[in-house]
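Chemist: the following comprises the amino acid sequence and a computationally predicted model.
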Amino acid sequence: MTAFSKKTLVSVVAVAAATALALSGCSASSKYTGGDGVLKLGGVLPLTGALAFLSPPEIAGVELAIQDINDAGGVLGKPVEWTLEDSSDGDHPEIAPASATKLLDAGVDAIVGAAASGVTRLIIDQVTKAKTVQISMSNTAPDLSTWDDGGYYFRTAPSDLLQGAIVGNQVVADGHENVAIIYQQTPYGEGLEAKAKATIEAAGATIVSDLSFPEAETNFDTIVQKTVASGADSVLIISYDEFKKIAPALQKNNFPGKDMYLVDGNLANYSAEGFASYLEGAKGTLPGGKLDEAFKKRAADLYMTNHGEELTEFAYLAESYDAVILLALAAEQAGNDTGLAISENLQSVSAGGDPVTNYADGLAAIKAGKDVNYDGFSGPIEFDENGDPTGASIGIYQYGKDGTSTLLEVVAGNSVK
């Protein structure tokens, strides 16, 4: 073969390869149209209201994830953008929809939040009908699994079908036979109460009192007096910040603090409260397992740098971080930042494929043409067709006399049964 013919052949092969690559790229991305190549995320989180104590760890998780993503090269070669708006709570129903409108008008590709299931109910139709992904780190209401969301709603926290069963079983396992429940009259409270009650009764114990209250209630004298009068040997309290009113009322009526059970909405640091020592022995549940200490420190350090405040709560930190990493991996895998592209790839990057535990490795695998399976700090996740994490863990905590809780054990289970 002559030198000329060799050169000609090399040129032909090079052109053919370049053409094939170009066509392959067109084929991979032709399914999705629109998008500007920049992943824009908006947050609808409780900066005010009864769940405001949860926003610091949620914000910290989001901001740490975005830092890690951008340090690794961003999404589609560009830094992720982030805008945060207030959701408040169900007692201020006008705030979250206004925030969602502001973010949608700004062209966000996905909304992170809301924190509360009841607040998500205020915006989920608005967000998903705009074909924008909504992913919550802490929604637990069971009926959100089958919401008519067009495939645009996801959550990294397990349904209360799991938490309700575990806290109910814990109450009975501790030897209680006559159980009282005080619960918030919201989708969150009602869903968790229903599962916990069914579990407690199925285990052979009796519900001797079952009383609800409206969100943001401040006077619990009557409810607590009825609870104590029922002869309850334990009380499960399903609330948000209202617990700061419920606990002193129970203490005033001489109900043993060690026989109280809390849940994720109120399992907080109460060391600064006057009733801190009263909580000694009380137990509670929180989705997620034991948090990696290095991960917690990185989040706390970044939060201090960004906000000048110490991070003292860590509930849903991991779920928030993982939600953002999954959004980024989905957009990168799709080669597109639109809501449709992200929604159609979230399940894929959470299950099957090569396991990865950080964004940098996931990005490298996707660029190498591999299918990835992200396992995060909150667990394996693995979204089902409803956008729920199918496998999840619930931590069981116990309070000391200083008003803070310590992890006793982690219980794993299926979150959708």
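Modeler: Cool, got the structure. Numbers count the residues shown, from 1 in each chain.
Chemist: following the worst-scoring helix or strand of the chain on mean pLDDT, which helix or strand comes up?
Modeler: Within the chain, no helix or strand scores below helix 3-29, which has a mean of 37 by mean pLDDT, DSSP states H and E. Next along the chain after helix 3-29, taking DSSP states H and E as the criterion, comes strand 40-45.
Chemist: buried set for that following strand?
Modeler: Neighbour-count burial for strand 40-45 flags 40-45 (criterion: 16 or more other Cβ atoms under 10 Å). To be clear about C-beta, it is placed using only N, CA and C from the backbone, and glycine gets the same treatment.
Chemist: do the same with stretch 377-384
Modeler: So for stretch 377-384, counting by 16+ other Cβ under 10 Å, buried means 377-383.
Chemist: and the residue nearest the centre of the chain, what are its phi and psi?
Modeler: By Cα atoms, centre = their mean, the chain has its centre lying nearest to residue 137, at 1.4 Å. Here the main-chain torsion angles of residue 137 (degrees, to the nearest 10) amount to phi -90, psi -10.
Chemist: wait, doesn't it sit right on residue 154?
Modeler: No. The criterion here is Cβ atoms under 8 Å, and residue 137 misses it with residue 154 at 10.2 Å.
Chemist: returning to that earlier point: from the buried residues of stretch 377-384, pick the one nearest residue 314.
Modeler: residue 377 (10.7 Å; Cβ to Cβ).
Chemist: this structure: strands as residue ranges?
Modeler: 40-45, 81-86, 110-113, 133-136, 153-155, 178-184, 206-213, 234-238, 260-262, 283-287, 354-356, 372-374, 391-399, 405-414 (DSSP state E).
Chemist: sheet partners, orientation included, of the fourth one?
Modeler: In the sheet containing strand 133-136, the strands it pairs with under DSSP bridges are strand 110-113 (parallel), strand 153-155 (parallel).
Chemist: name the nearest of the buried residues of strand 40-45 relative to residue 53.
Modeler: Out of the buried residues of strand 40-45, the member with the shortest distance to residue 53 (by Cβ to Cβ) is residue 45, at 11.7 Å.
Chemist: make JSON lines out of the strands paired with strand 133-136 and add mean pLDDT and distance to residue 184.
Modeler: Formatted as JSON lines, the strands paired with strand 133-136 follow (pLDDT from 0 to 100; distance: least, Cβ to Cβ, whole Å):
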{"stretch": "strand 110-113", "mean pLDDT": "98", "distance to residue 184": "19"}
{"stretch": "strand 153-155", "mean pLDDT": "98", "distance to residue 184": "19"}
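Chemist: to residue 338, which of these lies closest?
Modeler: strand 110-113 (9.9 Å).
Chemist: between residue 137 and residue 154, which contacts overlap?
Modeler: Counting by Cβ atoms under 8 Å, 6 or more residues apart in numbering, the shared contacts of residue 137 and residue 154 are residue 323.
Chemist: residues contacting residue 339?
Modeler: 109-110, 130-133, 152.
Chemist: so how do I select the buried members of those residues in ChimeraX?
Modeler: Burial among those is assessed by 16+ other Cβ under 10 Å; the matching ChimeraX selection reads:
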select :109,110,130,132,133,152
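Chemist: tell me the one of the contacts of residue 339 nearest residue 340?
Modeler: Proximity of the contacts of residue 339 to residue 340 (Cβ to Cβ) peaks at residue 131, which lies at 5.9 Å.
Chemist: any idea how far residue 215 is from that closest one?
Modeler: The gap separating residue 131 from residue 215 is 30 Å, by Cβ to Cβ, to the nearest Å.
Chemist: which residues in the stretch 201-350 of the chain form helices?
Modeler: With DSSP state H, counting those that start in this stretch as the criterion, the stretch 201-350 of the chain has helices at 221-229, 243-252, 293-307, 317-334, 339-350.
Chemist: of these, which stretch is the most buried?
Modeler: Counting by mean count of other Cβ atoms under 10 Å, helix 317-334 has the highest mean neighbour count of the helices of the stretch 201-350 of the chain, with a mean of 28.
Chemist: nearest residue to residue 232 in space, ignoring adjacent ones along the chain?
Modeler: residue 180 (3.5 Å; Cβ to Cβ, 6 or more residues apart in numbering).
Chemist: quickly list what that neighbour is bridged to.
Modeler: If you apply DSSP bridges, the partners that residue 180 bridges to are residue 209, residue 235.
Chemist: what of the one 4 residues further on?
Modeler: According to DSSP bridges, the residues that bridge with residue 184 are residue 213.
Chemist: assess the claim that residue 131 and residue 151 are in contact.
Modeler: No. With contact defined as Cβ under 8 Å, residue 131 does not count as touching residue 151 (9.7 Å).
Chemist: how is this structure partitioned into domains?
Modeler: 40-158+291-390, 161-288+394-414 (automatic domain parsing).
Chemist: list the contacts for residue 265?
Modeler: Counting by Cβ under 8 Å, 6+ apart, residue 265 has contacts 51, 184, 188-189, 238-240.
Chemist: make CSV out of those residues and add distance to residue 89.
Modeler: Shown next, in CSV, are the contacts of residue 265 (distance: Cβ to Cβ, whole Å):
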residue, distance to residue 89
51, 6
184, 10
188, 11
189, 12
238, 15
239, 12
240, 7
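Chemist: distance of the nearest residue to residue 73 once chain neighbours are set aside relative to residue 337?
Modeler: Excluding the flanking residues, the one nearest residue 73 by Cβ to Cβ, 6+ apart is residue 363, at 6.3 Å. Note on residue 363: its distance to residue 337, by Cβ to Cβ, is 14 Å.
Chemist: neighbour count winner among these two?
Modeler: residue 337 (26 against 21; other Cβ atoms under 10 Å).
Chemist: could you pull up phi and psi at residue 357?
Modeler: phi -120, psi 10.
Chemist: okay, now residue 174: neighbour count?
Modeler: Neighbours of residue 174 using other Cβ under 10 Å come to 13.
Chemist: am I right that it is in contact with residue 283?
Modeler: Yes. In this structure residue 174 lies within contact range of residue 283 using Cβ under 8 Å: 7.5 Å.
Chemist: next, show the common contact partners of these two.
Modeler: Counting by Cβ under 8 Å, 6+ apart, nothing touches both residue 174 and residue 283.
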